[in-house]
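*Asks:* below is the structure, and that's it, no one-letter string:
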């Protein structure tokens, strides 16, 4: 029974990570692009108005996506960085 619970816990962890990184990050990117498109609105008289809330939301979403992508690349390259450069990331010993 203990083995079954251990495997179910590991399966839940993988499922949660897949939902966050497999669906959450692309959704966050799409939300950032959508808010970026709403950052400048043309009024009926031809004037362009800025929407600072939409611009701030877009920049925040896109910054989070950028950080996740850079962290993912560094996670994949952690062995190389540890062996060749002596940089130990993500608990690499």
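*Replies:* Good, I have the coordinates. All values derive from a computational prediction rather than experimental measurement.
*Asks:* all contacts plus neighbour counts: C-alpha atoms, from now on.
*Replies:* Will do.
*Asks:* which helices and strands sit right next to the lengthiest helix in the chain?
*Replies:* Longest helix in the chain, counting residues (DSSP state H): helix 52-76. The helices and strands touching helix 52-76, judged by 3 or more CA pairs under 8 Å, 6 or more residues apart in numbering; DSSP states H and E, are helix 25-37.
*Asks:* does anything pack onto the helix it packs on? Which helices or strands?
*Replies:* So helix 25-37, by 3+ CA pairs under 8 Å, 6+ apart, packs with helix 52-76.
*Asks:* what's the average pLDDT for the helix it packs on?
*Replies:* Helix 52-76 comes out with an average pLDDT of 94.
*Asks:* contacts made by the longest helix of the chain with the rest, please.
*Replies:* If you take CA atoms under 8 Å, 6 or more residues apart in numbering as the criterion, helix 52-76 is touched by 25, 28-29, 31-36, 38-39, 89-90.
*Asks:* around the nearest residue in space to residue 88 that is not next to it in sequence, how many other residues sit close by?
*Replies:* Among residues not flanking residue 88 along the chain, residue 82 sits closest, at 5.1 Å (CA to CA, 6 or more residues apart in numbering). Neighbours of residue 82 under the rule other CA atoms under 10 Å: 14.
*Asks:* ok, residue 82 touching residue 90?
*Replies:* No - applying CA atoms under 8 Å as the test, residue 82 and residue 90 come out as separate, 10.4 Å apart.
*Asks:* next, count neighbours for the nearest residue to residue 32 once chain neighbours are set aside.
*Replies:* With sequence-adjacent residues excluded and distances taken as CA to CA, 6+ apart, residue 32 is closest to residue 58, at 4.1 Å. The local packing of residue 58 (other CA under 10 Å) involves 24 other residues.
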